[in-house]
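Asker: model this:
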Amino acid sequence: MIILVISFIYSLFSLKARLVNGNIWHDYKISFYIACINGAQIKIMNYIYYYIAEYLNNWENHFSLSSKNNSFAKKLILFDFVNSYSSIFYIAFVKPYHEGCINNNCRKEIETQMYSIFLVYICVFFGELIYLYMIYYYQKEKVGALITEEKIEVQLDKLPVFVKGGRIVSLYNTVRRSGKLMGNDRIIIRVYLDENGHAEGEIYNDDGESTR
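Answerer: Just a heads-up that it's a prediction; the model follows:
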């Protein structure tokens with residue numbers, strides 16, 4: 001993925017070098033468009049790599065949760081750094097000696113690059129807010145239409161527990177301090193059928209030894 005990012009950045013700036021024609025206003029417009037594409041590329045590749053890193057991290061089968069989290073964080077930080085700042089480093093340290101900066105002003109070009117990427121980030125942020133609000137509004141309307149009121153008489157010493165139909169719940173009679181002590185205890189299976197007479201669920205029994 002890092003090689004892919006570097007290749008994409010190099011391709012963007014190669015395209016930019018072909019499109020500029022010496023007109024400062026035209027060249028800065030091209031720089032703005034290329035920077036916006038770079039900003040979109042940063043967001044998309046960060047999104048894709050998050051799931052790739054998560055899959056690879058689970059596949060590594062770490063011994064402890066802290067080791068797993070540290071490895072996952074290192075992967076994300078390294079890729080995010082390369083993905084987010086490759087274009088800035090290219091303009092600052094490679095472009096002046098390769099094709100040259102616009103109007104021989106690399107500082108201005110870096111500013112344009114950063115402002116454009118920041119603008120893309122703002123647009124994506126507000127887009128995500130609107131998307132989440134639409135999901136919230138839709139779910140609220142959908143759930144509100146399904147809510148019905150029903151009065152149930154209960155006693156103070158026996159509080160009811162509501163379970164959604166179609167679920168299977170496993171219980172222990174006695175909760176012990178050690179999982180090994182509970183290894184031979186009887187498991188109670190409670191099945192709550194839905195309106196179609198169907199229920200499904202999973203039971204996970206930890207052997208207390210393996211890490212996966």
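Asker: only C-alpha atoms for contact and neighbour calcs from this point on.
Answerer: Fine.
Asker: what ranges do the helices span in this protein?
Answerer: 2-19, 24-59, 65-89, 95-98, 106-146 (DSSP state H).
Asker: what is the orientation angle of the second one with helix 65-89?
Answerer: Put simply, helix 24-59 runs at 160 degrees to helix 65-89, going by axes from the mean of the first three to the mean of the last three C-alpha atoms, to 10 degrees.
Asker: what about this protein, any weak spots by pLDDT?
Answerer: Along the chain, segments meeting pLDDT under 70 span 143-150, 156, 159, 175-183, 205-212.
Asker: Show me it divided up by domain.
Answerer: For the chain, automatic domain parsing gives the domain ranges 2-145, 152-200.
Asker: Make a markdown table out of the ones you listed and add mean neighbour count.
Answerer: Output for the domains of the chain, formatted as a markdown table (neighbours: other C-alpha atoms under 10 Å):
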| stretch | mean neighbour count |
| --- | --- |
| domain 2-145 | 15 |
| domain 152-200 | 11 |
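Asker: okay, stretch 51-59 in CSV with CA atoms only?
Answerer: Output in CSV follows, covering the C-alpha atoms of stretch 51-59 (Å, rounded to 0.1, in the frame of the first residue of the first chain):
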residue,chain,number,x,y,z
TYR,A,51,-9.7,-2.7,7.0
ILE,A,52,-6.5,-4.2,5.5
ALA,A,53,-4.5,-3.5,8.6
GLU,A,54,-7.3,-4.9,10.8
TYR,A,55,-7.4,-8.1,8.9
LEU,A,56,-3.6,-8.5,8.9
ASN,A,57,-3.5,-7.7,12.6
ASN,A,58,-6.1,-10.4,13.4
TRP,A,59,-4.2,-12.9,11.2
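Asker: which residue lies farthest from the center of the chain?
Answerer: Q155 (45.5 Å; C-alpha atoms, centre = their mean).
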